[in-house]
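Fold the following for me, if possible:
(one chain, ligands or ions: 1)
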Amino acid sequence: MNSSFSQIQVEIRRLADEKGIVILAHNYQRGEIQDVAHFTGDSLQMAKFAVQTSGSAILVCGVRFMAETAAILNPRRHVYIPEPDAGCPMANMIDENTLRRLRLENPTAVVVCYVNSSAEVKALSDICCTSSNAVRVVASIPKEKPVLFIPDQNLGGFVKRSLNRENMILFPGYCHVHNYLNVKSIKELKESDPDSILLMHPECTQEALKLADHIASTGQMIEFVKKSQAKSFIIVTEREITYPLKKANPDKKFIHPDPPLLCPNMKLTTIQKVLEAVKSPAHRVTVSESVRISAVQALNRMLEV
Ligand code: SF4
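Just a heads-up that it's a prediction; the model follows:
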């Protein structure tokens, strides 16, 4: 156990280890939650870790679709979330009925579903992707087949431009945290600090992404900074990502846009709620077996790419 843990963190770890609960935290969670977790990462890393874990239960500190993904991949383990209202507005932009209609309108399209989506939507999709593997996933689909990319139009647009693939239909969903950032302020930041490397998440708009030196998921940003010789980075994604970045690179400088990008849904989870969840897990996330069987196929196809 980490010797710098606060009393509440020590208690969380003691209870979790005693009860066989594995704590997973997304890179956008508060720093103290990232520290107390057994594993921290982006959506893809969390999904992979959830499969390998040996605990009897999993506590997902993130938003609901992340807990659903863990439940889909781990039918024999109970999956919990500390805060039941922590959802993702982008995931809620598309539901099963809308996707069923889109499938009827585009009968030959392969449906590629960003993991920021409900279990029911994943179940109706052909293959899932995350922000770190979306280009690879779409590239694995034969060129002549049209692709219906849901729900993030910004990530989909980034993939479409990267692969120069015209036959992609983009659902008009977006992440409000990345979509509405102040592009002018980022431009000014870059101009005032030209030696800094500008790292940007592909959920940002095309207009913003044009400014980026490197476009990456949170997990890819961590790898990039670790390997880079540069000393200063402008980070354009949810501001909590700088917590693991600073921890791993104390000699490097990280700059945020003003105002910083902040996901209120991620911040609904607090260290106190994590303690309550390991004391008496109350908010179990379940997925019906019929949905799970279809959704797991879409997730497994992604993990195989
Ligand atoms: S940052 Fe955006 S995509 Fe991620 S959970 Fe928050 S609202 Fe959803």
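
So which bits of this protein are right by the ligand?
Proximity of the chain to the ligand, by C-beta under 6 Å from any ligand atom, involves residues 63, 88, 89, 90, 116, 175, 177, 238, 263, 265, 266. All C-beta spots, glycine's among them, are computed from the backbone N, C-alpha and C.

Of those, which belong to helices?
With DSSP state H as the criterion, helices contain residue 177 from among those.

In this structure, what residue spans correspond to strands?
21-26, 39-41, 57-61, 78-80, 110-114, 127-129, 147-150, 168-170, 197-200, 214-215, 232-236, 253-255 (DSSP state E).

wait, residue 245 sits on residue 224?
No: counting by C-beta atoms under 8 Å, residue 245 stays clear of residue 224, with 9.9 Å between them.

Tell me which of those two has more neighbours.
residue 245 (22 against 17; other C-beta atoms under 10 Å).

tell me the pLDDT at that one?
The predicted structure scores residue 245 at 96 on the pLDDT scale.

Just give the nearest non-adjacent residue to residue 219, would you?
The shortest distance from residue 219 to any residue other than its chain neighbours is 3.8 Å, reached at residue 42 (C-beta to C-beta, 6 or more residues apart in numbering).

now swap in residue 128 and tell me
The spatial neighbour of residue 128 that comes closest, neighbours along the chain excluded (C-beta to C-beta, 6+ apart), is residue 302 at 4.3 Å.

cool, residue 178 as well?
On the basis of C-beta to C-beta, 6+ apart, the spatially nearest residue to residue 178 that is not a chain neighbour turns out to be residue 203, at 3.8 Å.

Please tabulate the strands of the chain in CSV, including the columns mean pLDDT and mean neighbour count.
Shown next, in CSV, are these (pLDDT from 0 to 100; neighbours: other C-beta atoms under 10 Å):
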stretch, mean pLDDT, mean neighbour count
strand 21-26, 96, 25
strand 39-41, 93, 21
strand 57-61, 96, 27
strand 78-80, 95, 22
strand 110-114, 98, 25
strand 127-129, 97, 28
strand 147-150, 98, 25
strand 168-170, 98, 18
strand 197-200, 98, 22
strand 214-215, 98, 16
strand 232-236, 97, 22
strand 253-255, 96, 16
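
That concludes my questions; thank you for your assistance.
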